[in-house]
Each structure stands twice: as structure tokens, then as C-alpha cells.
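Q: Just to be clear, the model below is a prediction. Sequence and coordinates:
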Amino acid sequence: MPINRHRLWNIFADATLIALAWWLAFWLRFDHGVPKPYARLMWETLAIALVIKLAVFIVCGFYNRWWRYVSTRDMWGAARGVTAACVVSDLVILLAHPVKGFPLPRSVAVLDWLLLLAGVAGTRLIARTLIERPGAASLVARGKEVVIVGAGDAAQLVIREMQRTPGLGYTPIGLVDDDPRKKNLRLHGVRVLGTTAQLAHVLRDNRPDEVLIAIPSASGEDRRRVVEVAREARVPVKTLPGLYELISGDLNLTGQIRPVEVQDVLGRKPVEVDLGSIASYVAGETVLVTGAGGTIGGELCRQIARIAPTRLVLVEHSEAALFDIERELLQDRDFSAVATVLGDCGDRSKMSQVFERYRPTVVFHAAAYKHVALLEANPLEAVRNNTLATKRLADVAVEYGAERFVLVSTDKAAGPKNLLGQSKAVCEWIVEAYGNREDVRTRFVAVRFGNVLNSSGSVIPIFRRQIEKGGPVTVTAPEMTRYFMTIPEAVSLVVQAGAIGGRGQVFVLDMGEPVRILDLACNMIRLSGKEPRLPSDTDGGTNAIPIKFIGSRPGEKLHEELWGEHEAVGATEHPKILRLSRPPVDAEWLTEQLLELEQLADDGDTLEVVAKLGGIVREPKREAVPTVVAEASESRQEVDRSPRYGEPPWTPTGSSTD
């Protein structure tokens, strides 16, 4: 029962309302003078009405809600509860006949219902209004004055929190919105000053200290336009995070206000995932994630934890990274079904012990070395930690009967020209070979995608540090481009691809348009309040950050591709996930080559390892081309007509360090 001493005042208030509504209903019905028989009926039935209506109110949950947080949903609940209480009490009184020959008038029943409904709803709204009334300090402008872009749900939540909590240091002075019909309307007392297209005029007439973008679903192009207008007006811009950040963060919107970052203006649209299909193979299962402390592995852990697996096994060889992700899951996300394994996923005996103890049914293999230049200088580790570790982990997963094995791959495996791409290309072949074996029940899939924004060692943190130091910002080459995706959306699609399934299937994520890294650098410089200065510029002023072209590093491509020359792609049920088709590699030949590669790596013969890996990738022994590949090849022509999958539709003038 929700009744306690803190709710007695609520019950007393409702009892007063019930009695008052009952008396007023009779008084209004008989025009200020109630005849004696009906006056007797009124007083003799008052106790019945009180008891029955309060009992129904309790059953309907009236007293497990705080009046200070009453909402429209609570109002509908109050309407249902009042209606039920009046109907029940009126029926009891009609059947009881307390005063013979004088039944309860129908008009009295209707008036009682209307009066009681108004009283119950009104008292709750008045209580909230009094509690949230502005104090004397709030009548004076405080902190930073902000113009908010967007007049929707997120904006009203932010405005209400700003008004309720003066300590935040924000005062909303106006709104702008794309919908011209909202102009001059008020949201929590704050007026819509105009449309987004009129933002420049709004900033001139009502110059604020900041502009806040309060549209979590806004596209990168929309955010970019707001940033450009505000930059011309010399007004700083902040934003609420995108949908994925809000989902993975807390519910305090005002606490998540932050400066606009480059990923906010890249133009990427939110990606939708089918949570039902994901939950069907993850919820209630034991899930193992390798590389759990890394960029991709850590986000996998965060998203999987929300789907409620029975246990999440974290495998990581970095002690600090493993400690951080464990603390985050336990303390920040309140997910306690965590098992930590400090060790190398390429250690077969260690992994056998882990599988023997926890029996994971789903494996996400995200552990890998991913930095191109470092792997070019350390080819033995590229083979050991990427290729051979994948083979050993796959062997253990098959041995212990895991149901699914999802490999995180890279776009550098398409037409590989460096050790990273070559080592991951062979990993994809391992997945395909295991997936096509009839004696293996584990469903193997691989997911290939490009760069993720803000990953450790990626170009964005590097540029950010260089900008903070005043430059120069080092860009590899003027013509270099890269595909980019945010970390949460890439990981959500990886998990979704695991739900799509297949046996030995390789999926490719739709990365959208390739991004010129020179444009990326220029955008980051401008978002920092500076101006970029190219080598061709004679003078950029004191507010300029120089950009320096340093040339490509060993193994780098100017333009990455999502699939290679002998590969074709077809659609899946998810528009952002493509199915790769190609002639499969001969499984027996691959096993022999991996044994030889492992022996060379154990001997520490670097040159032989490089030559062997390159030879395997350049001249693979493939099986006969199946019909499905031929059919998929036909679909490739249609897909390739889209400029985002071919050469960029513009003449590139930028570059990358990633």
C-alpha cells in the first residue's frame, strides 16, 4: 500500500474535495436551496461517497505520485480515477435507496463528477505551480543569456531545468525554430523570436552570450549552418549531444550541454537499429568481448550491457583499460554481471580456461592492433595479435560450442596495401572458412567499416592537441580522404550485423560520403575560434592556425575503399549494412598457410613473415565461384552508381593522418 504518514495530507485534501463537490452538486442543482428530502439524502450519503471514492483513489494509485511532478499523463490517470470513483459511489447509492422515494438525481451525479474532477486536477496543478514558482532571484537575469535553437521536447526540458536551477548559470532569452507557425509562441514563458533562417537577425537584435542547439536529432548540415551564422556574429555555440550520446549518457540534459565538436557537423544522420532482433541473441546470454578496454570494445560493452545479458566477460591485455571499463560498467551504468579477464586473447590455453569457466555463447572479437604506421614497423605483432589471435580464438569458440562469433574488421582489408589491411583480410577469410564448414555450429560473421571519430590515436584527438598548442596542424596530403562514422553508431551496426547472421558472411557498413581530411582540420580550427592558414596563404593574421602537409606514411592510401576489385555487395534488411560476396578462399589451403605463417612468426623472421603474408593476400587459392556471387556481382553495378561508393564526386583537396 502506498499510504504512509507523508501521504496523509494528500488524503485529507482529497477527502475535503470529495465532500465539497458533493455538497456543491446538490446546492447548484436546486438553485441555492436544497429541499429537505434531498438535503437528508445529501448528508446521509456523504460518508458513503467519501469512503468509496477514497478507496478507488487508493486503488488507482493517486498517492504514489508526487504532486510537485504532476504531468499530463498523471492528469489522464486522475480523470480515469475520478470517473471510476463517481460511477461506483453513484451506483451504490442508487441501489441502497437511503431515502425512500428520493433517488439520487442524475444531474447531481454529473455535477459531482465535473466538480470533483476540476478539484482533483486543479489542486495538483496549483501545487506544482507553487513549488516551481520563480523566486525573487530568478526575476533578475542571471548567468549567461542564451538563445536556444529548437522549440521541441528537448528545448522545453532544458528551459525548465534552467529556470528551476539558477545554479546552472543560464537564462534563456529566446528561441528559434524551423516551424514558422511557432513564431511569437511561448515555451515556459520564453518567446520564439523567429525561424532558424532568421537566426542572424535574432542574434543582432537580441545578442546573447551563447547559442544552444537543443535538437538532438539535428543533422550535421543543420548544425553547421547554425555554427556558421553564430561564428559570423561572434557568438559561441554549444549543443546538446546527438541521439546516441543521449542514449548512452544520463538523463540530465543540461548537464550534457557541451561545445559543438567536429562530429556534430559532419552531416551524418542517426542510424536506427532493430533492438528486438539484437536482444533476441544477446539478452540472457553470456557475451565475451575481446579488446574490451579499447574504443570499439568499450562501446560494445556499454551497448550490450543495456540489452541485459546474463554475464559480460571482458577480455583485455591492458590493465588500466580493463580497470576503467569495469569501473564504468559497475559504478556509472549499474551493471554488475561483469567478469574481467586480464590476458591476451591470442593465448589459446588462457582462452580455453575462460571458455571452460564462463561458457560464452556470443563472442565479439574487437581486439586488434590498428595503427598503420606502427604495424608497418612491427610486422610480427601485426600477424600475432591480429591474424593468429583471431585463428586461435575462433578455434576455442568452435571447441566450446559458442553460438555466434562476430569479428570487427576494417576497410583497410579491402584491396589491402599495408600490414594492417593484410592481417585483417586474412582474419575475414578465417571467418568465411569457419562459417562454411558443415561440422561447425558456430555462426561466424565479420563486419568491415572505416574510421571512427575520436578513437584513440585517430586524427581528431591529434588535431585537437595540435590546435591547443597553436599549430601547425599536420595533414598528410592535400588529396587524402577517409570514411568516418561515430563510435556509437558503428558499434550498434556491428551488433545489428550479428543479428542478421549468416554463416561465414562478411558485412560492410555504409559509411556515407568520404570526408576530406583537410576540410576536417579546417572545421576543427574554426570550431576552436581560430582560422585555418594553408601553406599557399601569405598571411592568415594573428588568429590563424597554420596547416602543414607532411606526406603519406608507410602503408597509407590516399583514398580508402569499402570493398575490393573482386568483391561485390548486396543489400540486407538493414539499409546501412551491406552483404559482401566473393569467391571463398580454399579452407585447407588457408589452414596450411596459417601454420606456415605461425611458424615464421615464432621464429621471429620478420622479412619472411612480411613476404609470406603479402604472398597469401596477393595470390589466394579460391574455390569455384558459387552462383550467389555471380548474382551479387550483378547488383554491384547498381550499387556502384552511387558516388559515395566510388570516387568522390568532387576534386579532393584534403588529406588525413589516420
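A: Yep, that arrived.
Q: make it CA atoms for all contacts and neighbour counts henceforth
A: OK.
Q: Which secondary structure element of this structure has the lowest mean pLDDT?
A: Every helix and strand of the chain was ranked by mean pLDDT, DSSP states H and E. The lowest is helix 627-640, at a mean of 39.
Q: Can you tell me the SS state at I148?
A: Three-state call for I148 (DSSP: H, G, I helix; E, B strand; the rest coil): strand.
Q: So it sits against G174, correct?
A: Yes. The criterion here is Cα atoms under 8 Å, and I148 meets it with G174 at 6.4 Å.
Q: Those two: who's more crowded?
A: Using other Cα atoms under 10 Å, the more surrounded residue of I148 and G174 is I148, with 29 against 24.
Q: Tell me the buried residues in the host helix or strand of I11?
A: In this assignment (DSSP states H and E), I11 forms part of helix 8-29. Across helix 8-29, burial judged by 16 or more other Cα atoms under 10 Å covers 10-11, 14-15, 17-27, 29.
Q: Quick check: next helix or strand after it?
A: helix 36-59.
Q: what angle sits between that following helix and helix 8-29?
A: Calculated by axes from the mean of the first three to the mean of the last three Cα atoms, to 10 degrees, helix 36-59 forms an angle of 150 degrees with helix 8-29.
Q: which helices and strands does the helix or strand just after helix 36-59 pack with?
A: Going down the chain from helix 36-59, the next helix or strand is helix 72-96, by DSSP H and E. Packed against helix 72-96 by the contact rule (3 or more Cα pairs under 8 Å, 6 or more residues apart in numbering; DSSP states H and E) you find helix 36-59, helix 106-131.
Q: And helix 72-96, what's buried?
A: In helix 72-96, the ones that count as buried by 16+ other Cα under 10 Å are 74-75, 78-79, 81-86, 89-90, 93.
Q: What average pLDDT does it get?
A: On average, the pLDDT along helix 72-96 is 85.
Q: circling back to that earlier point, and the buried residues of helix 72-96, which two are furthest apart?
A: Using Cα to Cα, the buried residues of helix 72-96 span at most 28.3 Å, a distance reached by D74 and I93.
Q: Need the contact partners of stretch 286-300.
A: 301, 309-318, 321-322, 324-325, 345, 358-368, 455-456, 487-488, 491-492, 495 (Cα atoms under 8 Å, 6 or more residues apart in numbering).
Q: Show only the entries of those found in strands.
A: R311, L312, V313, L314, V315, E316, V362, V363, F364, H365 (DSSP state E).
Q: The third one and M351 touch, don't they?
A: Pointing back at V313 there. No. Between V313 and M351 there is no contact under Cα under 8 Å: 11.5 Å.
Q: more neighbours, the two?
A: V313 (24 against 21).
Q: what pairs with that one across the strands?
A: Beta bridges link V313 to L288, A339, judged by DSSP bridges.
Q: quick one: it from A497, how far?
A: 20 Å (Cα to Cα, to the nearest Å).
Q: what's the answer for S107, then?
A: From S107 to A497 the distance is 63 Å (Cα to Cα).
Q: and if you look at G401?
A: Distance from G401 to A497, by Cα to Cα: 20 Å.
Q: Give me the more crowded residue out of those two.
A: A497 (29 against 17).
Q: quick one: contacts for that one?
A: So A497 contacts V445, V447, F507, I577 (Cα under 8 Å, 6+ apart).
Q: Name the surrounding residues that touch stretch 86-96.
A: By Cα under 8 Å, 6+ apart, stretch 86-96 touches T45, I48, A49, I52, K53, P103, L104, A109, D112, W113.
Q: Against which helices or strands is the longest strand belonging to the chain packed?
A: Counting by DSSP E, the longest strand found in the chain is strand 170-177. Strand 170-177 is packed against strand 144-149, helix 153-164, strand 190-195, with contacts defined by 3+ Cα pairs under 8 Å, 6+ apart.
Q: what inclination does it have with respect to strand 144-149?
A: 20 degrees.
Q: what lines up beside the helix or strand following strand 170-177 in the sheet?
A: Once strand 170-177 ends, the next helix or strand along the chain (criterion: DSSP H and E) is strand 186-187. According to DSSP bridges, strand 186-187 forms sheet pairs with strand 190-195 (antiparallel).
Q: for the strand it pairs with, the distance to its chain's centre please.
A: Put simply, strand 190-195 sits 29 Å off its chain's centre (Cα atoms, centre = their mean, to the nearest Å).
Q: ok, the closest residue to K53 other than its chain neighbours to W113 distance?
A: In space, and not counting its chain neighbours, K53 is closest to A85: 4.7 Å by Cα to Cα, 6 or more residues apart in numbering. From A85 across to W113, the span is 9 Å (Cα to Cα).
Q: And for L453?
A: 59 Å.
Q: buried set for stretch 211-224?
A: In stretch 211-224, counting by 16+ other Cα under 10 Å, buried: V211, L212, I213, A214, I215, P216, A218, S219, G220, R223, R224.
Q: quick one: which of these sit in strands?
A: Those of the buried residues of stretch 211-224 lying in strands (DSSP E): V211, L212, I213.
Q: Report pLDDT for the first one.
A: As summarised for this prediction, V211 has a pLDDT of 90.
Q: what's the spacing between it and D179?
A: Noted for V211: a distance of 18 Å to D179, by Cα to Cα.
Q: just A394 next, same as before
A: Taking Cα to Cα, one finds A394 at 54 Å from D179.
Q: quick one, which of the two is more surrounded?
A: Between A394 and D179, counting by other Cα under 10 Å, A394 is the more crowded of the two (25 against 12).
Q: L453 and W113: which is more packed in?
A: W113 (24 against 20).
Q: Can you tell me the closest non-neighbouring residue to the more buried one?
A: C86 (6.1 Å).
Q: Write down the beta-bridge partners of V149, one by one.
A: V176, I213.
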